[in-house]
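>>> just coords:
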């Protein structure tokens, strides 16, 4: 009889450890996914702000550029050199704003990478819960020895998934202010 109580105690301990492991995993994943969604929100927000600012700047700069072109045409060579320098400086500012606009349009790729990473994490948890559900069903008809093995395997599965989910988020960018541009 004492052996049966020891076995029940062992199974109970394994169940409590499994529960603690699952609780820790779920809690950590909740925070990780929340942080990644927050990162997505920051990237999208920053991209939109950059687009609005850059497009507003472009609008003003293009009006100034058109005015300079008119002035250069009316002034001739003597005063036109100074206006041509202003024109070049303004053209450079326009190029910088166009680069910012193009870079901001690339936020879709960054967001897709973040979404994919969150989806992978979520799918990993879903698959874990499906396996655990199947294992719990096996426990219903298992002998004492089988129960211990099933519970130990469940703990190993939880630990394995935890390790897989600890992989770092591949997306480091949190704003649209850095990085190069590449036309599509």
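Thanks, I have the structure now. All values reported here derive from a predicted model rather than from experimental measurement.
>>> okay, CA-based contacts and neighbour counts for the rest of this
Noted.
>>> Next secondary structure element downstream of the strand or helix carrying residue 81?
Assigned by DSSP states H and E, residue 81 belongs to helix 77-105. Counting by DSSP H and E, the next helix or strand C-terminal to helix 77-105 is helix 107-140.
>>> which of the residues in that following helix are buried?
The neighbour-count check on helix 107-140 (16 or more other Cα atoms under 10 Å) flags 107, 110-111, 113-115, 117-118, 121-122, 124-125, 128, 132, 135-136, 139 as buried.
>>> what's the following helix or strand after that helix?
Assignment by DSSP H and E places the next element after helix 107-140 at helix 144-165.
>>> quick one: buried residues of that following helix?
147-152, 154-155, 158-159, 161-162, 165.
>>> which residues touch residue 81?
By Cα atoms under 8 Å, 6 or more residues apart in numbering, residue 81 lies in contact with nothing.
>>> Can you check what pLDDT the model gives it?
With respect to pLDDT, residue 81 has a value of 75.
>>> what pLDDT does residue 174 get?
55.
>>> Show me which residues of the helix holding residue 81 are buried.
Those would be 80, 83-84, 87, 90, 94, 97-105, for helix 77-105 by 16+ other Cα under 10 Å.
>>> out of these, who's nearest residue 41?
If you rank the buried residues of helix 77-105 by distance to residue 41 using Cα to Cα, residue 104 comes first, at 13.8 Å.
>>> Give me the pLDDT for the residue nearest to the closest one when sequence neighbours are not counted.
Of all residues not flanking residue 104 in the chain, residue 47 sits nearest, at 4.9 Å (Cα to Cα, 6 or more residues apart in numbering). Looking at residue 47, its pLDDT is 78.
>>> Figure out the helix or strand that residue 47 lives in.
helix 2-75.
>>> so what does that helix touch, helix or strand wise?
Under the contact criterion of 3 or more Cα pairs under 8 Å, 6 or more residues apart in numbering; DSSP states H and E, helix 2-75 touches helix 77-105, helix 107-140, helix 144-165.
>>> Of the ones you listed, give the one that comes closest to residue 36.
Of the helices and strands packed on helix 2-75, the one closest to residue 36 (Cα to Cα) turns out to be helix 107-140, at 6.8 Å.
>>> could you give the mean pLDDT of the closest one?
According to the model, helix 107-140 has a mean pLDDT of 82.
>>> so what secondary structure elements neighbour it?
Counting by 3+ Cα pairs under 8 Å, 6+ apart, helix 107-140 packs on helix 2-75, helix 144-165.
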